[in-house]
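Undergrad: got a sequence here, can you build the structure:
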Amino acid sequence: MTAFDIRVGEGWDVHQLVAGRKLVLGGVEVPHVTGLLGPPPAGGHPSLRRRGCRRQSSRC
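TA: Just a heads-up that it's a prediction; the model follows:
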């Protein structure tokens, strides 16, 4: 493995909190009265977001 085989990135996401949804952060359900508004996997496990990223761009 060379230094060029390793990729590092940073990202963030913003979702509105709404009643009637589970609050799941990083794949862990957090007891709360509200949850994240947005298409699944809003706040879901990072590997799920990476899969979506690969579909959108080969540079993710």
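
Undergrad: any chance you could map the strands in this structure?
TA: All strands of the chain, identified by DSSP state E, fall at 17-19, 23-25, 28-30, 34-36.

Undergrad: just the ones you listed: most buried one?
TA: Neighbour counts (mean count of other C-beta atoms under 10 Å) averaged over each of those peak at strand 34-36, with a mean of 18. (C-beta placed from N, C-alpha, C; glycine too.)

Undergrad: picking up where we left off before, using TSV, please lay out the strands of the chain together with distance to Arg7 and mean pLDDT.
TA: Putting the strands of the chain into TSV (distance: least, C-beta to C-beta, whole Å; pLDDT from 0 to 100) gives the following:
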stretch	distance to Arg7	mean pLDDT
strand 17-19	32	93
strand 23-25	24	86
strand 28-30	25	90
strand 34-36	27	90
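
Undergrad: could I get the ones you listed as TSV with distance to Gly9?
TA: TSV is the format used below for the strands of the chain (distance: least, C-beta to C-beta, whole Å):
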stretch	distance to Gly9
strand 17-19	26
strand 23-25	19
strand 28-30	22
strand 34-36	22
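
Undergrad: for Phe4, which of the ones you listed is the nearest?
TA: Closest to Phe4 of the strands of the chain is strand 23-25 (C-beta to C-beta; 32.5 Å).

Undergrad: can you tell me how far the nearest residue to Val33 once chain neighbours are set aside sits from Leu25?
TA: Closest residue to Val33 apart from its sequence neighbours, by C-beta to C-beta, 6 or more residues apart in numbering: Ala19 at 6.7 Å. Distance, Ala19 to Leu25, by C-beta to C-beta, to the nearest Å: 17 Å.

Undergrad: this protein: helices as residue ranges?
TA: 46-56 (DSSP state H).

Undergrad: partners of the spatially closest residue to Pro31 that is not a sequence neighbour in the sheet?
TA: Counting by C-beta to C-beta, 6+ apart, Leu23 is the residue found nearest to Pro31 once chain neighbours are left out, at 7.7 Å. For Leu23, the beta-bridge partners are Val30 (DSSP bridges).
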